[in-house]
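# only geometry, no sequence info:
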């Protein structure tokens, strides 16, 4: 158990819908990272927040957005969902703004039908 | 939680033997590298990291080697055990334009034979 929690574990929704994925980092970690792992592309970095502020941005679509709240939990919002958004979404956390020793949560499996 | 749709190379190793998993990275500006292990149905797990000012780093039963000349990274697992069966992938993390980038390899599936 990494100490990072993610909810929900599974999510099934229809195209065009909007969903919110939630992540609670390990106690004491200030950075939260979001990743997408699809069957045909492996692990892709989406975005990083450090202590509430966006720190780094990867291949995140404009339909996706994220935020980190004062209690350090984070949410990833996915809107206008397409079939291709079906994937595992992982959250990771680390102590500092630098990417050292990230601890991954168990993931949320999103299925868009 | 593994990249089952990808055509992952597979390394089959006899229990007790040493395993060597390789990774070629792309960005010469990468100054930090991580090896992850991902078991079926789970999130990636940090194994070991290395910075670009080092050639070798050892952990418990694992060693990472970095060859910057040919942009190659390897993970050596000593005395491979059944619990080592998983997908292993590397990550390169260049720091450019004031921000980190995160680039992941597709992974290698390690199968440990009893």
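Okay, I see it. Please read all numbers here as calculations on a predicted model, not as lab measurements.
# of all of chain A, which residue lies closest to chain B?
Residue nearest to chain B within chain A: residue A:39 (2.8 Å; CB to the nearest CB). Where you see a C-beta, it was placed from the backbone N, CA and C, and this is true even at glycine.
# Let me know the distance separating that residue from residue A:84.
Going from residue A:39 to residue A:84 by CB to CB, to the nearest Å gives 10 Å.
# Give me the local confidence score for the residue nearest the centre of chain A.
For chain A, the residue nearest the mean C-alpha position is residue A:34 (3.2 Å; CA atoms, centre = their mean). On pLDDT, residue A:34 comes in at 97.
# ditto for residue B:53
Listed pLDDT for residue B:53 reads 94.
# So for it, what's the nearest residue that isn't a sequence neighbour?
Leaving aside its sequence neighbours, residue B:53 sits nearest to residue B:31 (CB to CB, 6 or more residues apart in numbering or on different chains; 7.9 Å).
# How many neighbouring residues does the one you found have?
16 (other CB atoms under 10 Å in any protein chain shown).
# neighbours of residue A:86, just the number please.
17.
# let me redo that: residue A:79
15.
# With residue B:15 instead?
Neighbours of residue B:15 (other CB under 10 Å): 13.
# give me every residue that touches it.
B:80, B:81, B:82, B:112, B:113, B:114 (CB atoms under 8 Å, 6 or more residues apart in numbering or on different chains).
# check contacts around residue B:21.
Going by CB under 8 Å, 6+ apart, residue B:21 touches B:11, B:35, B:74, B:75, B:76, B:77, B:88, B:108, B:110.
# Neighbour count and secondary structure for those - can I get that in TSV?
TSV is the format used below for the contacts of residue B:21 (neighbours: other CB atoms under 10 Å in any protein chain shown; DSSP: H, G, I helix; E, B strand; the rest coil):
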residue	neighbour count	secondary structure
B:11	17	strand
B:35	25	strand
B:74	16	strand
B:75	25	strand
B:76	16	strand
B:77	23	strand
B:88	23	strand
B:108	20	strand
B:110	20	strand
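# Let's have those residues in JSON lines, adding pLDDT and distance to residue B:43.
Shown next, in JSON lines, are the contacts of residue B:21 (pLDDT from 0 to 100; distance: CB to CB, whole Å):
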{"residue": "B:11", "pLDDT": "95", "distance to residue B:43": "22"}
{"residue": "B:35", "pLDDT": "95", "distance to residue B:43": "15"}
{"residue": "B:74", "pLDDT": "96", "distance to residue B:43": "23"}
{"residue": "B:75", "pLDDT": "97", "distance to residue B:43": "18"}
{"residue": "B:76", "pLDDT": "98", "distance to residue B:43": "23"}
{"residue": "B:77", "pLDDT": "98", "distance to residue B:43": "20"}
{"residue": "B:88", "pLDDT": "96", "distance to residue B:43": "14"}
{"residue": "B:108", "pLDDT": "94", "distance to residue B:43": "18"}
{"residue": "B:110", "pLDDT": "96", "distance to residue B:43": "17"}
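# who touches the lowest-mean-pLDDT helix or strand in chain B?
Of all the helices and strands that make up chain B, strand B:99-100 has the lowest average by mean pLDDT, DSSP states H and E, namely a mean of 82. With CB under 8 Å, 6+ apart as the test, strand B:99-100 has contacts from A:48, A:55, A:56, A:57, A:98, A:99, B:93, B:94.
# Quick check: phi and psi at residue B:84.
Main-chain torsions, residue B:84, degrees, to the nearest 10: phi -80, psi -10.
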